[in-house]
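Turn this into a structure:
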Amino acid sequence: MMFNWLSLITGLFYIVLGGVVIYYKFFFTVLEPTVAYAMGGLLMLYGIFRIYRAISKIKNTENEK
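Purely as a prediction, here's the structure:
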């Protein structure tokens with residue numbers, strides 16, 4: 001159960017990290033704008049995926065009880 005909540009927090013972290021990469025165009029090195037937008041977008045999509053997966057697992061766990 002705790003893993004699902006940590007997955008939610010991690011998903012939020014990825015979304016914020018994607019926004020930071022897009023805004024500052026930096027991820028361990030200076031990025032070209034197109035690379036920064038692509039990488040930031042992928043990080044945000046992965047964060048959304050993790051949040052969706054965590055929420056579905058939390059709902060399934062509650063339904064089993």
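
Next up, the contacts around residue 1.
In this structure, residue 1 makes contact with 58, 61, judged by Cβ atoms under 8 Å, 6 or more residues apart in numbering. All C-beta atoms are positioned from the backbone trio N, CA, C, and that covers glycine.

Give me the local confidence score for it.
Per-residue confidence at residue 1 stands at 71 (pLDDT).

and if you look at residue 49?
Looking at residue 49, the pLDDT reads 97.

Then residue 65?
63.

got it, and residue 54?
Per-residue pLDDT puts residue 54 at 92.

what do you get for residue 58?
Residue 58 is given a pLDDT of 87.

Can you name the helix or strand that it falls in?
helix 33-64 (DSSP states H and E).

how far is that helix from where the chain is centred?
Between the centre of helix 33-64 and the centre of its chain there are 5 Å (Cα atoms, centre = their mean, to the nearest Å).

by contact count, what packs against that helix?
Contact partners of helix 33-64 among helices and strands, from 3 or more Cβ pairs under 8 Å, 6 or more residues apart in numbering; DSSP states H and E: helix 2-24.

helices or strands up against the helix it packs on?
helix 33-64.

Please spell out which residues along the helix it packs on are buried.
By 16 or more other Cβ atoms under 10 Å, the buried positions in helix 33-64 come out as 36, 39, 40, 43, 44, 46, 47, 50, 51, 54.

for stretch 6-23, what is the average pLDDT?
Per-residue pLDDT over stretch 6-23 has a mean of 95.

and the nearest residue to residue 33 once chain neighbours are set aside, how many neighbours does it have?
Nearest in space to residue 33, with sequence neighbours left out and distances taken as Cβ to Cβ, 6 or more residues apart in numbering, is residue 25 at 6.0 Å. Around residue 25 there are 17 other residues, counting by other Cβ atoms under 10 Å.
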